[in-house]
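In: coords please:
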Amino acid sequence: MKKIINILVLPCLILFSLSSCEEEEKDPFYKLSFDEIETGAYFRSILAGGTVNLNDLDNSVYNIQGELVTPEAGADVESIELWVEFKDRSTDSGDDDSVASTFVTSISSSSLPTNSNGFPEHTFNMTIPEAMTALGLDSSQISGGDQFFFQVVIIMTDGRVFDKDTSGDSIKGELFFASPFEYTATVVCIAFPIPGDWVLDMIDLFGDGWNGGNIVVSLDGVQTTYFPPGSSLTEIITVAPGTSEFTFTYTAGGWEGENLYTLTDPNGVVVLDEGVGDYSQENGPREGELLNVCPD
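Out: Predicted coordinates:
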């Protein structure tokens with residue numbers, strides 16, 4: 001199958017009259033291949049996403065909702081398929097558990113409901129356990145940073161196939177078409193926080209504050225920034241029962257060797273103890289997100 005690209009204005013001006021050019025530009029199915037013109041189909045994304053949490057794979061889900069856009073409003077499509085691929089990004093041991101793209105499910109175009117835009121619509125709801133079963137993987141083979149690739153494949157009634165390899169870059173990349181055909185889910189590690197009062201003790205050895213350094217705490221998307229204005233500051237961070245997101249991110253400033261802090265959970269366990277206190281810039285607290293970090 002030749003890769004299809006959107007027709008450009010320049011060939012339009014050369015090969016056709018102005019009136020026909022205008023008609024073609026308005027037709028999202030009108031494509032120019034390297035030696036022929038043909039029409040095709042794409043799956044325009046409405047919503048796509050999900051979280052693959054290494055700490056809770058059983059409840060991790062990835063969803064792809066889209067509408068099937070074709071010249072004949074889906075009547076020229078036999079089916080839409082979902083495939084999944086796994087890429088092992090943690091191969092330091094020499095073992096590579098990557099699995100090539102594998103068929104998951106197929107749905108007939110004729111069974112799809114028509115949405116308010118006049119196009120057939122479908123949502124693929126894929127749980128990560130279902131994806132792992134299709135790929136023949138178990139949880140011991142999944143690590144933080146690994147990736148699942150979910151791929152939509154369109155099978156036309158005439159046998160043609162449209163997917164990430166047989167559709168042009170403009171179809172996959174332009175906002176109007178919004179049809180990447182492939183969706184990526186990276187494995188992350190989200191720890192469910194202990195509810196209660198967490199204690200954040202911050203110190204500046206010189207006593208003049210953190211000189212731009214700060215900590216951003218996010219509780220279910222609500223962010224608060226902390227830093228000592230002088231030599232020290234203690235803050236209580238209350239985590240309510242049912243909180244699902246607790247992130248803790250440190251950003252460096254100047255004179256990092258002066259900065260120290262500890263974070264203690266409601267059970268009295270010191271979760272983070274950052275900074276060395278030797279005034280050297282390189283020995284300041286670690287930068288970045290320091291909770292929910294996947295083990296090496």
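In: Let me see the ranges of the strands in the stretch 1-150 of the chain.
Out: Ranges of strands in the stretch 1-150 of the chain, per DSSP state E, counting those that start in this stretch, are 5-6, 31-32, 37-38, 42-53, 61-69, 77-87, 99-108, 121-127, 147-156.
In: centre of the chain versus stretch 260-269, how much separation?
Out: Centroid separation for stretch 260-269 versus its chain: 31 Å, with CA atoms, centre = their mean, to the nearest Å.
In: can you list the domains in this structure?
Out: Here the domain parsing of the chain from automatic domain parsing is 1-39, 41-188, 196-289.
In: Turn those domains into a markdown table, including mean neighbour count.
Out: For the C-beta atoms, the positions are set from N, CA and C on the backbone; glycine is no exception. Shown next, in a markdown table, are the domains of the chain (neighbours: other CB atoms under 10 Å):
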| stretch | mean neighbour count |
| --- | --- |
| domain 1-39 | 13 |
| domain 41-188 | 17 |
| domain 196-289 | 16 |
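In: Quick one: closest of those domains to residue 296.
Out: Among the domains of the chain, the nearest to residue 296 by CB to CB is domain 41-188 (8.2 Å).
In: How far does that closest one stretch from one end to the other?
Out: One end of domain 41-188 to the other measures 33 Å (CA to CA, to the nearest Å).
In: In space, what's closest to residue 277 - neighbours in sequence excluded?
Out: Distance criterion CB to CB, 6 or more residues apart in numbering; nearest residue to residue 277, sequence neighbours excluded, is residue 260 at 5.4 Å.
In: which residues touch the helix or strand hosting the one you found?
Out: If you go by DSSP states H and E, residue 260 is part of strand 259-264. Contact with strand 259-264 is made by 198-205, 210, 213, 215, 248, 253, 270-275, 277, 284-285, as judged by CB atoms under 8 Å, 6 or more residues apart in numbering.
In: In strands, which of those residues appear?
Out: Members of those lying in strands (criterion: DSSP state E): 198-204, 215, 248, 270-274.
In: Find the centremost residue of the chain, please.
Out: The chain has residue 185 as the residue nearest its centroid, 5.0 Å off, counting by CA atoms, centre = their mean.
In: Could you list which residues are in contact with it?
Out: Counted by CB under 8 Å, 6+ apart, residue 185 has contacts 50, 51, 52, 62, 147, 148, 149, 150.
In: Name whatever forms a beta bridge with it.
Out: Beta bridges link residue 185 to residue 148 when assigned by DSSP bridges.
In: Can you give me the pLDDT of it?
Out: Listed pLDDT for residue 185 reads 93.
In: do you know how far it is from residue 83?
Out: Distance, residue 185 to residue 83, by CB to CB, to the nearest Å: 14 Å.
In: Find residues that contact each of those two.
Out: Joint contacts of residue 185 and residue 83 (CB under 8 Å, 6+ apart) are residue 150.
In: Tell me which residues are up against stretch 271-290.
Out: 203, 205, 213, 247-252, 255-265, 291.
In: average pLDDT for that stretch?
Out: Average pLDDT, stretch 271-290: 85.
In: Endpoint to endpoint, it covers what distance?
Out: End-to-end span of stretch 271-290 (CA to CA): 10 Å.
In: how long is stretch 109-125 from one end to the other?
Out: First-to-last residue span, stretch 109-125, CA to CA: 17 Å.
In: scratch that, stretch 247-257
Out: One end of stretch 247-257 sits 24 Å from the other (CA to CA).
In: which residues sit against it?
Out: For stretch 247-257, the external contacting residues (CB under 8 Å, 6+ apart) are 205-206, 210-218, 259, 263, 272, 274-292.
In: can we see that at 7 Å?
Out: Here stretch 247-257 makes contact (CB atoms under 7 Å, 6 or more residues apart in numbering) with 206, 210-218, 263, 274, 278-281, 283-292.
In: Give me the angle between the helix or strand harbouring residue 250 and strand 259-264.
Out: Assessed by DSSP H and E, residue 250 sits inside strand 246-251. Inter-element angle recorded for strand 246-251 and strand 259-264: 170 degrees (by axes from the mean of the first three to the mean of the last three CA atoms, to 10 degrees).
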